[in-house]
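*Asks:* Sequence isn't available, so here's the structure alone:
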């Protein structure tokens with residue numbers, strides 16, 4: 001039987017995904033509500049599939065995907081997130097994920113993605129072929145966001161949701177000094193003069 005690990009900090013999401021997987025004959029062998037536990041369970045259980053959210057405490061999803069890849073375990077990763085595909089699908093693909101599904105999509109999409117990944121295929125939205133939307137190609141703000149590193153994107157996500165530097169550092173397993181450096185870098189790259197301006201940019205593009 002195909003075995004899955006579900007990684008999401010919301011119990012309802014984990015339960016819903018486990019129920020859907022069970023209907024398709026996929027056994028959920030573990031659940032994690034943070035990135036560190038996800039890596040621990042991945043090492044212990046070595047599931048066939050890991051369904052991973054991006055915004056999580058104690059290592060974000062992108063960091064988890066990269067570390068799973070570095071561990072060279074035979075685990076295929078499917079990303080299930082509320083983060084916009086326009087800015088994250090390609091990043092996830094580069095990190096090593098085989099599929100990207102939005103939580104706003106119909107459950108049938110998740111079912112199709114799981115089946116595709118189980119058969120060795122990738123499953124990404126068309127927008128994953130480009131880091132920015134074609135219609136926004138001339139938008140300097142969108143291009144600036146697309147140029148951010150994965151770590152910068154996740155710091156932006158936390159700060160724009162009202163997390164302090166200290167809380168962001170704790171959630172991302174970074175030092176407060178490092179988060180402060182990322183914050184300054186974000187303000188420079190996005191041409192923002194304050195944290196309020198940064199949050200406004202994030203909200204305009206559904207990044208928080």
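*Replies:* Alright, I've got the coordinates. None of the values given here were measured: they were computed from a predicted structure. Residues are numbered from 1 along each chain as shown.
*Asks:* C-alpha from now on. contacts and neighbour counts both.
*Replies:* Noted.
*Asks:* And the pLDDT for residue 57?
*Replies:* At residue 57, the pLDDT value in this model is 89.
*Asks:* Kindly report the same for residue 128.
*Replies:* Value for residue 128, per-residue pLDDT: 56.
*Asks:* same question, the one 4 residues further on
*Replies:* With respect to pLDDT, residue 132 has a value of 45.
*Asks:* go on, residue 135?
*Replies:* 44.
*Asks:* Lowest-scoring secondary structure element of this structure by mean pLDDT?
*Replies:* When each helix and strand of the chain is scored by mean pLDDT, DSSP states H and E, helix 140-146 comes last, with a mean of 86.
*Asks:* Show me the beta-bridge partners of residue 77.
*Replies:* Here residue 77 sits in beta bridges with residue 50, going by DSSP bridges.
*Asks:* I'd like to know how many residues surround it.
*Replies:* 28 (other CA atoms under 10 Å).
*Asks:* which ones are touching it?
*Replies:* 49-52, 65, 96-99 (CA atoms under 8 Å, 6 or more residues apart in numbering).
*Asks:* Can you tell me, leaving aside adjacent residues, what's nearest to residue 10?
*Replies:* residue 33 (7.0 Å; CA to CA, 6 or more residues apart in numbering).
*Asks:* pLDDT score for that neighbour?
*Replies:* 97.
*Asks:* And it, how far from residue 54?
*Replies:* 11 Å (CA to CA, to the nearest Å).
*Asks:* And the two? Which one has more around it.
*Replies:* residue 54 (24 against 19).
*Asks:* For the more buried one, what is the enclosing helix or strand?
*Replies:* Residue 54 is part of no helix or strand, with elements assigned from DSSP states H and E.
*Asks:* Would you report the backbone torsion angles of residue 164?
*Replies:* With angles defined as degrees, to the nearest 10, residue 164 sits at phi -80, psi 170.
*Asks:* quick one, what contacts it?
*Replies:* No contacts exist for residue 164 under CA under 8 Å, 6+ apart.
*Asks:* try 10 Å
*Replies:* Residues near residue 164 by CA atoms under 10 Å, 6 or more residues apart in numbering: 158, 170, 176, 179-180.
*Asks:* just checking, residue 57 touches residue 36?
*Replies:* Yes. Counting by CA atoms under 10 Å, residue 57 does reach residue 36; the two are 8.5 Å apart.
*Asks:* anything in contact with each of those two?
*Replies:* Taking CA under 10 Å, 6+ apart as the contact rule, residue 57 and residue 36 both touch residue 173.
*Asks:* and of the contacts of residue 77, the nearest to residue 120?
*Replies:* Of all the contacts of residue 77, residue 98 has the smallest distance to residue 120: 8.5 Å, by CA to CA.
*Asks:* Need the nearest residue in space to that closest one, chain neighbours excluded.
*Replies:* Using CA to CA, 6+ apart, the closest residue to residue 98 is residue 122 (4.7 Å).
*Asks:* can you tell me how far the one you found sits from residue 62?
*Replies:* Counting by CA to CA, the gap from residue 122 to residue 62 is 17 Å.
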